[in-house]
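J.: What shape does this take:
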Amino acid sequence: MIRPRTARGVQLGEFLTSRRRTRPRAEHGLPPGSRRSEVGLSREEVATLSGISVSWYTWLEQGREINASRQVLSAVARVLRLTDSETDYVFALAGPGREPVSVPVDRAPAHLLHLIGALDFPAFILASDWSIVGWNAGYEWLYGSIATTAPGERNLLRLVYTDPRLREILPNWDLDSRSFLAEFRAESGVRLGSARHGAVVQTLLEESADFRAHWAEQSVVRFRSRLRTFAHPEAGELVFEHHRLVPSDAPDLHIVMYAPAGSAPGA
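T.: Sure thing, here's the model as predicted:
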């Protein structure tokens, strides 16, 4: 019986393949592979080290519709030395059930707009596909182009990769863009099959060579608060603490805040 391929199965297979091909062989006590390569495991080697059949692991990488248990997935994650974020990503893609349904949001609720409007530092609101659906005066001051950008193009990931004005104010653009993309993949995961999420990725694959290169890296990282540096055309170098909150009454939205560095208790 030929098991059918699924959209999320294909994503899972591409991710596992990328990690398998970059694993140092010496970490598993294996000699160099073909052409004396020091990196890269074969499917057979991953299956053997994980204690599962070669056919079963091959189906995983082929994106076939199979019911892999958490025990099997955990074994594969252990062999591939996946991080916690990557392991959660694998569990989500391999898990049963339908893709989560997100109601498209084009504008944030009034009470959330009022909330960020009361903040005296930059803040904006993201929908699940990373469309920017609201922002305050502080964010418009930091990134003035947001107000004149067409609504259909106000997507944070798209702007990071295609707007030269945004790139100019990000002195650490290479690091920032990769971090954003890894977080987008971790959060979007099973939603990438939706029309809106898929359109974001497909558009960027067509428009940005940098995005194509970074997307192929298959990086997956959960969001963590961190310091961000901006090069403002008038104020010069600015350092903010980058935080995100999820409203309990709007879980498909994220409030992104850039608080001045050092303002946190104990900082």
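
J.: all strands of the stretch 151-267 of the chain, in order?
T.: Along the stretch 151-267 of the chain, counting by DSSP state E, counting those that start in this stretch, strands occupy 226-232, 236-245, 254-260.

J.: Kindly present those strands as CSV, with separate columns for mean neighbour count, distance to Q11 and mean pLDDT.
T.: C-beta here means a position set from N, CA and C on the backbone, and glycine is covered the same way. Shown next, in CSV, are the strands of the stretch 151-267 of the chain (neighbours: other Cβ atoms under 10 Å; distance: least, Cβ to Cβ, whole Å; pLDDT from 0 to 100):
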stretch, mean neighbour count, distance to Q11, mean pLDDT
strand 226-232, 14, 26, 96
strand 236-245, 14, 24, 97
strand 254-260, 19, 22, 97
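
J.: Name the SS class of the residue nearest to V133 when sequence neighbours are not counted, please.
T.: Among residues not flanking V133 along the chain, A108 sits closest, at 4.7 Å (Cβ to Cβ, 6 or more residues apart in numbering). When classified by DSSP: H, G, I helix; E, B strand; the rest coil, A108 comes out as coil.

J.: starting at the chain centroid, how far to the host helix or strand of W59?
T.: Under the criterion of DSSP states H and E, W59 resides in helix 54-62. Centroid displacement of helix 54-62 relative to its chain, using Cα atoms, centre = their mean, to the nearest Å, is 25 Å.

J.: So which elements touch the lengthiest helix in the chain?
T.: When the chain is parsed with DSSP state H, its longest helix is helix 173-188. Under the contact criterion of 3 or more Cβ pairs under 8 Å, 6 or more residues apart in numbering; DSSP states H and E, helix 173-188 touches helix 84-94, helix 156-162, helix 209-215.

J.: Looking only at the last one, what residues are buried by neighbour count?
T.: Neighbour counts using 16 or more other Cβ atoms under 10 Å place D210, F211, H214, W215 of helix 209-215 among the buried residues.

J.: out of everything not next to it in sequence, what's closest to the third one?
T.: In other words, H214. Leaving aside its sequence neighbours, H214 sits nearest to L181 (Cβ to Cβ, 6+ apart; 5.2 Å).

J.: re earlier: can you tell me which of the buried residues of helix 209-215 lies closest to L60?
T.: Distance to L60 across the buried residues of helix 209-215 (Cβ to Cβ) is lowest for W215, with 20.8 Å.

J.: For that closest one, which residues are in contact?
T.: L181, V201, L204, L205 (Cβ atoms under 8 Å, 6 or more residues apart in numbering).

J.: Just the pLDDT for it.
T.: Per-residue confidence (pLDDT) for W215: 96.

J.: how deep is the residue lying closest to V221 once chain neighbours are set aside tucked in, by neighbour count?
T.: Take V221 and drop its neighbours on the chain: the residue closest to it by Cβ to Cβ, 6+ apart is A182, 4.0 Å away. Neighbourhood size, A182 [other Cβ atoms under 10 Å]: 20.

J.: Wait, A182 touches F223, no?
T.: No - contact criterion Cβ atoms under 8 Å: A182 and F223 do not qualify, at 9.3 Å.

J.: Restricting to C-alpha, output stretch 166-175 in PDB.
T.: What follows is stretch 166-175 as a C-alpha-only set of coordinates in PDB (Å, rounded to 0.1, in the frame of the first residue of the first chain):
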ATOM      1  CA  LEU A 166      13.700  48.800   7.000                       C
ATOM      2  CA  ARG A 167      17.000  47.100   6.300                       C
ATOM      3  CA  GLU A 168      18.800  50.400   6.700                       C
ATOM      4  CA  ILE A 169      17.600  50.800  10.300                       C
ATOM      5  CA  LEU A 170      18.700  47.200  11.200                       C
ATOM      6  CA  PRO A 171      22.500  47.200  11.600                       C
ATOM      7  CA  ASN A 172      22.200  43.500  12.600                       C
ATOM      8  CA  TRP A 173      20.000  42.700   9.600                       C
ATOM      9  CA  ASP A 174      21.500  39.300   8.900                       C
ATOM     10  CA  LEU A 175      21.000  38.100  12.500                       C
END
